[in-house]
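1. What shape does this take:
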Amino acid sequence: MREKQPVILSVESSCDDTSAAVLRGLEVLSNVVCSQQIHEKFGGVVPELASRKHMANIVPTVITALTDANINLEDIDALAFTQGPGLLGSLLVGGNFIKGLSLGTNLKFLAVNHMHGHIMAHFLNQEKNPKFPFICLTVSGGHTQLVRVNASNEFEILGETIDDAAGEAFDKTAKILGLDYPGGPIIDELAKTGNPLKFSFTRPKVKPLHFSFSGLKTNVLQFLQREMKQNSNFISENINDICASVQHTIVAILLGELETACEKTGIMEVALAGGVSANSYLRDNFTSLALEKCWASHVPDFQYCTDNAAMIGASAYFKYLNGEFGTLTDKPNPRLQFIS
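-> Got it, this is the predicted structure:
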């Protein structure tokens, strides 16, 4: 007889999306995400506004997740929340909610590292899960890392960004181009009809397996300033080609280091995770490179790429099996280390 799987209620509130999910084992029964549109007019997330919105959204989001899953609190075996990294005010809302619920229900809870959640998202509702060990290229708005995943609770950072993350490069480029926030998805869409080889941009000179995107941002800005002096309509006339060329450069940098990591380690199981893994050009080129190199490649379902509570529940599930339960002294940590 199949062993009963734990039912876990998880919440994610690290930035500007309030999310709640219910998982039975690694089966997603519900995954509700409540996005905050208020930040668009400011061109970026305003931490104080984000935390206020989380406070308003957390209860109805959790209720909706339980309703969609057709699960009562009495059916829940454990709770989970994002401990960090993220915005302190936002993390406090999710963490304090789960701690309060834990006290009221006598349920144990699990404190989850947000970035571990992105990696463990590969095990959600997947027919083909990564086999340990595997290399994961984790790319989000605040992080760009190459991680060797030896087990569900054993991670090794092979390399990471020394300044801006890839997601920041997308968003800052979009801002320079006068595009709305968040800029990454807009660049992705505009680039589909552009020439990725039309313009050439700088690539960083850093030690192998590491990344740097601050120089690219500066290069794009200086390039546009030069061109605008000669033609004030340069951006509007070339917006698709600019987006395609910048995107091509970012993706080439990411996949170049991933290829190096696989060559150095000999690992043929590769995975792509994080919010930027939703980028269609990155996904397509990752898949093509995997076929060329005969890698076993893995990318989470699109809905589990951006911030969501299901990925937090997936990481919590493995922590549950290992008995890694949290205590009331586990404080939200905006600078939580990937490996503690």
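
2. From L216, how far off is the nearest residue to S214 once chain neighbours are set aside?
-> Nearest residue to S214 in three dimensions, chain neighbours excluded: D163, at 4.2 Å (C-beta to C-beta, 6 or more residues apart in numbering). Yep, even glycine has a C-beta here, placed from its N, CA and C like the rest. Remark: distance between D163 and L216 (C-beta to C-beta, to the nearest Å) = 10 Å.

3. the more surrounded of those two?
-> More crowded of D163 and L216, by other C-beta atoms under 10 Å: L216, with 22 against 15.

4. Isn't that one up against P204?
-> Yes. Between L216 and P204 a contact is recorded at 7.3 Å, counting by C-beta atoms under 8 Å.

5. Assign the residue nearest to S214 to helix, strand or coil.
-> For D163, the assignment made with DSSP: H, G, I helix; E, B strand; the rest coil gives coil.

6. Who are the contact partners of it?
-> 212-214 (C-beta atoms under 8 Å, 6 or more residues apart in numbering).

7. can I assume G323 sits in a strand?
-> No. Per three-state DSSP, G323 lies outside any strand segment and is coil.

8. Could you count how many residues lie near it?
-> Around G323 there are 7 residues (other C-beta under 10 Å).

9. Repeat that for S140.
-> 23.

10. is it true that it touches G274?
-> Yes. Between S140 and G274 there is a contact under C-beta under 8 Å: 3.8 Å.

11. list the residues that contact both of the two?
-> 115, 118, 167.

12. Keep only those of those residues that are in helices.
-> Counted as lying in helices by DSSP state H, out of those, are 115, 118, 167.

13. And for the second one, nearest residue in space, chain neighbours not counted?
-> This means H118. A273 (4.3 Å).

14. Against A244, how distant is that neighbour?
-> Relative to A244, and taking C-beta to C-beta, A273 is found at 24 Å.

15. For the two, work out which one has more neighbours and name it.
-> A count of neighbours by other C-beta under 10 Å puts A273 above the other of A273 and A244, at 27 against 24.

16. how about stretch 209-224: buried residues?
-> For stretch 209-224, burial by neighbour count (16 or more other C-beta atoms under 10 Å) applies to 209-213, 215-217, 219-220, 223-224.

17. nearest to K99, of those residues?
-> Of all the buried residues of stretch 209-224, F211 has the smallest distance to K99: 35.6 Å, by C-beta to C-beta.

18. neighbours around the nearest residue to the closest one once chain neighbours are set aside, how many?
-> Excluding the flanking residues, the one nearest F211 by C-beta to C-beta, 6+ apart is T161, at 4.2 Å. Burial measure for T161: 21 neighbouring residues, criterion other C-beta under 10 Å.

19. got it, and the one 5 residues further on?
-> One way to gauge burial is a neighbour count; for A166, by other C-beta under 10 Å, it gives 27.

20. got the CA coordinates for stretch 186-200 in PDB?
-> Taking Å, rounded to 0.1, in the frame of the first residue of the first chain, the C-alpha atoms of stretch 186-200 are listed here in PDB:
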ATOM      1  CA  ILE A 186       8.000  43.000 -22.300                       C
ATOM      2  CA  ILE A 187      11.500  42.600 -23.700                       C
ATOM      3  CA  ASP A 188      10.800  38.900 -24.300                       C
ATOM      4  CA  GLU A 189       7.700  39.800 -26.300                       C
ATOM      5  CA  LEU A 190       9.300  42.600 -28.400                       C
ATOM      6  CA  ALA A 191      12.300  40.500 -29.100                       C
ATOM      7  CA  LYS A 192      10.300  37.900 -30.900                       C
ATOM      8  CA  THR A 193      10.100  40.000 -34.000                       C
ATOM      9  CA  GLY A 194      13.700  41.400 -33.700                       C
ATOM     10  CA  ASN A 195      17.100  40.400 -35.000                       C
ATOM     11  CA  PRO A 196      19.200  39.000 -32.000                       C
ATOM     12  CA  LEU A 197      22.400  39.600 -34.000                       C
ATOM     13  CA  LYS A 198      21.700  43.200 -35.100                       C
ATOM     14  CA  PHE A 199      23.600  44.900 -32.300                       C
ATOM     15  CA  SER A 200      26.600  43.600 -30.300                       C
END
